[in-house]
Structure formats: structure tokens, C-alpha cells
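K.L.:
Mind looking at a prediction? Sequence and model below.
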Amino acid sequence: MITPDTWQKSSYSGGGQGDACVEIAHYPARIAVRDSKAPARATLTFPVGAFAPFVEFVRAPVDAA
């Protein structure tokens, strides 16, 4: 079960109240991701092995066309 204590904010959450970010929750076999501005809405879940490639893809610069 996901509890409020389970969620961790990104270290890049910005100034102010730090609500311009995503939050993650770790589980043995998966990682859940949610929008910190809308925590009651749906979450994304990834198998543990797929999360790092997802983050690398998101962080990669967009090729200028």
C-alpha cells in the first residue's frame, strides 16, 4: 500500500513549496511516479529495470531538427 510517507520528491523540485515536480515511491519489483501538483490522480508504475532507462530518455536532450 502506498502511504504519504512512501513518496519522495525530486531533488529538482524547484523553489517555493517544491510542488513543481514528480514524486516517486519504491517497491521491491516496481517504482511508482506521480505529479506532486495532483497527488490524488493516477500514477505511472514501472518495473524496476525499466525505470532507469525511462529517466535517461526523459533527461536526454531533444535533437534540434
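P.N.:
Cool, got the structure. Numbers count the residues shown, from 1 in each chain.
K.L.:
Show the contacting residues for A32.
P.N.:
Each residue near A32 by Cβ atoms under 8 Å, 6 or more residues apart in numbering is listed here: 2, 24-25, 43-46. C-betas here are computed from N, CA, C, even on glycine.
K.L.:
By neighbours, which of those residues wins?
P.N.:
The most crowded member of these, judged by other Cβ atoms under 10 Å, is I24 (19 neighbours).
K.L.:
thinking again about what came up before, next step: the contacts of A32 restricted to strands.
P.N.:
If you go by DSSP state E, these have 24-25, 44-46 in strands.
K.L.:
Let's have the residues you listed in TSV, adding distance to R34 and pLDDT.
P.N.:
Shown next, in TSV, are the ones in strands among the contacts of A32 (distance: Cβ to Cβ, whole Å; pLDDT from 0 to 100):
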residue	distance to R34	pLDDT
I24	8	90
A25	8	92
L44	8	90
T45	10	91
F46	12	92
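K.L.:
Parallel or antiparallel, list what pairs with the helix or strand bottoming out on mean pLDDT in the chain.
P.N.:
Lowest on mean pLDDT, DSSP states H and E among the helices and strands of the chain sits strand 8-9, with a mean of 85. Next to strand 8-9 in the sheet, as set by DSSP bridges, lie strand 22-26 (antiparallel).
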